[in-house]
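Novice: Would you be able to build a 3D model of this:
(one chain, ligands or ions: 4)
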Amino acid sequence: MRFEGEIHTEEKEEVKEKEVNSMGHSICGGGSPHQPKVVVGYALTSKKKKSFLKPKFTSLAWSKGISFVSIDLNRPLSEQGPFDIVLHKLSGKEWREVIEDYRQKHPEVIVVDPPDAIQHLRNRQSMQQVVADLNLSDCNGKVGIPRHLVITKDQSSIPYEVAKAGMKLPLVVKPLVVDGSAKSHELFLAYDEFSLSTLEPPLILQEFVNHGGLLFKIYITGETIKVVRRFSLPNVNKHDLSRVTGVIQFPRVSNAAASADDADLDPNIAEFPPKPLLEKLARELRQRLGLRLFNMDMIREHGTKDVFYVIDINYFPGYGKVPDYENSFTDFLLSLASSKCKRKPHIDPLKV
Ligand SMILES: Nc1ncnc2c1ncn2[C@@H]1O[C@H](COP(=O)(O)OP(=O)(O)OP(=O)(O)O)[C@@H](O)[C@H]1O
Ligand SMILES: O=P(O)(O)O[C@H]1[C@H](O)[C@@H](O)[C@H](OP(=O)(O)O)[C@@H](OP(=O)(O)O)[C@H]1O
Ligand SMILES: [Mg+2]
Ligand SMILES: [Mg+2]
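Specialist: Ligands and ions are numbered 1, 2, ... in the order given. Below is the predicted model:
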């Protein structure tokens, strides 16, 4: 298994050429080498634009016939375009309604991804439940989620609830809702259950799983899987537990661009998860979530070879940090455009 590179789960379909008529509308069929053939409208935060639409990517895409057009949020979406594909990651009910309405009215446009499906990852409980529902037997390993407790109100009862559930300390405390804000990524490590009552619900409390300070980030781009290693929180031992009390906020350690791939790592910790396991996991999650763009954080329980936990799933993550994403994302967009041509074999005379 090659790990700096890609794991292709399926052979890519041959991409059919598209041509552009004089109005700039894209149609399926022959090909014109100098004009963009696939128009991708995008609605992204400025932070995302900067990290994802890097010049190296947009110029590679352009050379393969893809152009990117910024969606103007102050104008009706139906009046913009025409687009072949719409990529979006914006928060808020208003945007969800706009994009859902557009999907209904423009079934010819591939919207990546449906807002309801994205919504599933906005709650850390529903995000984790999808993994808990999987049956990944015979895949050279086990994948689960850490034991957890959801607290929606009355933080004064947390110590009691934690003790009643028999949760093992320390606990990772995460805001239940992930809405793209910095606050939804403010995480704490709680060394005792009493100090938890100072934190503000809704929260999810997860048992901390020792994993040797390293995690696997598994990026899904349509049919393609890429795995990178990142540094994570170090193991917590009994001595630490007896010495430390309270809740401690920790930084977004695994989110840093620094890869752990070149570090001198213990092979028992750093060995990549088995390929059949990742392929099945990605396939199942893609189907169950109905999403094409996401990543997951996976850890191996320290001291085991094949016991894994998924601790986080993110929609449209930071692809800009993944080596060679320019090529895989361009291929993804071309394969979407090609599937669109197959879906609609006849040229729509109204669009020509
Ligand atoms: N149950 C756990 N056991 C051990 N470590 C954990 C656990 N949950 C989270 N972590 C550590 O905390 C980090 C942040 O947690 P998580 O990924 O859930 O937060 P996030 O805010 O969703 O981060 P992201 O920036 O990836 O969206 C993880 O990458 C990992 O290093
Ligand atoms: O590719 P990784 O290292 O996983 O990092 C992503 C995070 O996991 C996402 O949670 C971030 O998105 P949100 O802040 O919108 O949740 C996402 O933020 P982005 O929209 O700035 O890319 C990334 O930071
Ligand atoms: Mg994470
Ligand atoms: Mg996350």
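Novice: residue ranges with poor pLDDT in the stretch 151-300 of the chain?
Specialist: Applying pLDDT under 70 to the stretch 151-300 of the chain flags the ranges 254, 257.
Novice: can you pull out the helices in it?
Specialist: 158-165, 238-243, 267-270, 275-289 (DSSP state H, counting those that start in this stretch).
Novice: tell me the domain ranges of the chain?
Specialist: According to automatic domain parsing, the chain is divided into the following domains: 2-119+325-342, 121-319.
Novice: is it possible to export those to TSV including distance to ligand 1 and mean neighbour count?
Specialist: (Glycine included, C-beta is placed from N, CA and C.) TSV is the format used below for these (distance: least, CB to the nearest ligand atom, whole Å; neighbours: other CB atoms under 10 Å):
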stretch	distance to ligand 1	mean neighbour count
domain 2-119+325-342	13	16
domain 121-319	3	17
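Novice: If it's not too much trouble, I'd like those domains exported to CSV so that distance to ligand 2 sit alongside each entry.
Specialist: Converted to CSV, these look like this (distance: least, CB to the nearest ligand atom, whole Å):
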stretch, distance to ligand 2
domain 2-119+325-342, 4
domain 121-319, 3
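Novice: what about stretch 282-294, near ligand 3?
Specialist: No. Legend: contact between stretch 282-294 and ligand 3 by CB under 5 Å from the ion is lacking; minimum distance shown is 11.4 Å.
Novice: That stretch and ligand 4, are they touching?
Specialist: No. Taking CB under 5 Å from the ion as the criterion, stretch 282-294 and ligand 4 are apart, separated by no less than 10.1 Å.
Novice: if we can go back for a sec, out of the helices of the stretch 151-300 of the chain, which comes closest to Leu334?
Specialist: helix 275-289 (18.5 Å; CB to CB).
Novice: what's that closest one packed up against?
Specialist: Contacts defined by 3 or more CB pairs under 8 Å, 6 or more residues apart in numbering; DSSP states H and E place helix 275-289 against strand 6-8, helix 124-132, strand 214-221, strand 224-231, strand 293-300, strand 307-315.
Novice: Could you list every helix and strand in contact with the helix or strand hosting Glu94?
Specialist: The secondary structure element spanning Glu94 is helix 93-105 (assigned by DSSP states H and E). If contacts are counted by 3+ CB pairs under 8 Å, 6+ apart, helix 93-105 sits against strand 85-89, strand 110-112, helix 115-119.
Novice: For the last one, list the C-alpha coordinates in PDB.
Specialist: C-alpha atoms of helix 115-119 as PDB (Å, rounded to 0.1, in the frame of the first residue of the first chain):
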ATOM      1  CA  PRO A 115     -27.100  20.700   2.500                       C
ATOM      2  CA  ASP A 116     -29.000  18.100   4.600                       C
ATOM      3  CA  ALA A 117     -26.200  15.600   4.300                       C
ATOM      4  CA  ILE A 118     -23.700  18.200   5.400                       C
ATOM      5  CA  GLN A 119     -25.900  19.100   8.300                       C
END
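Novice: now what about it, what contacts it?
Specialist: Residues from elsewhere that reach helix 115-119, judged by CB atoms under 8 Å, 6 or more residues apart in numbering: 89, 95-96, 99-100, 289-291, 315.
Novice: about what we covered before: now the helices and strands packed on helix 93-105 as JSON lines including mean pLDDT?
Specialist: Conversion of the helices and strands packed on helix 93-105 to JSON lines gives the following (pLDDT from 0 to 100):
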{"stretch": "strand 85-89", "mean pLDDT": "98"}
{"stretch": "strand 110-112", "mean pLDDT": "98"}
{"stretch": "helix 115-119", "mean pLDDT": "97"}
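Novice: Columns distance to Val38 on top of these, output as JSON lines?
Specialist: Shown next, in JSON lines, are the helices and strands packed on helix 93-105 (distance: least, CB to CB, whole Å):
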{"stretch": "strand 85-89", "distance to Val38": "7"}
{"stretch": "strand 110-112", "distance to Val38": "10"}
{"stretch": "helix 115-119", "distance to Val38": "22"}
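Novice: got JSON lines for these, with distance to ligand 4 too?
Specialist: Output for the helices and strands packed on helix 93-105, formatted as JSON lines (distance: least, CB to the ion, whole Å):
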{"stretch": "strand 85-89", "distance to ligand 4": "13"}
{"stretch": "strand 110-112", "distance to ligand 4": "19"}
{"stretch": "helix 115-119", "distance to ligand 4": "13"}
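Novice: which stretch among those comes nearest Arg252?
Specialist: Nearest to Arg252, of those and by CB to CB, is strand 85-89 at 17.5 Å.
Novice: How about residues contacting the closest one?
Specialist: Identification of contacts with strand 85-89 by CB under 8 Å, 6+ apart yields 38-45, 48, 71, 95, 99, 102, 109-112, 118, 180, 315-316, 333, 336-337, 340.
Novice: Tell me the strands beside that strand, with direction?
Specialist: The pairing partners recorded for strand 85-89 under DSSP bridges are strand 38-44 (parallel), strand 110-112 (parallel).
Novice: Please identify which of the ones you listed is closest to Met298.
Specialist: strand 110-112 (23.2 Å).
Novice: Can you give the distance of the closest one from its chain's centre?
Specialist: Centre-to-centre, strand 110-112 and its host chain are 16 Å apart (CA atoms, centre = their mean, to the nearest Å).
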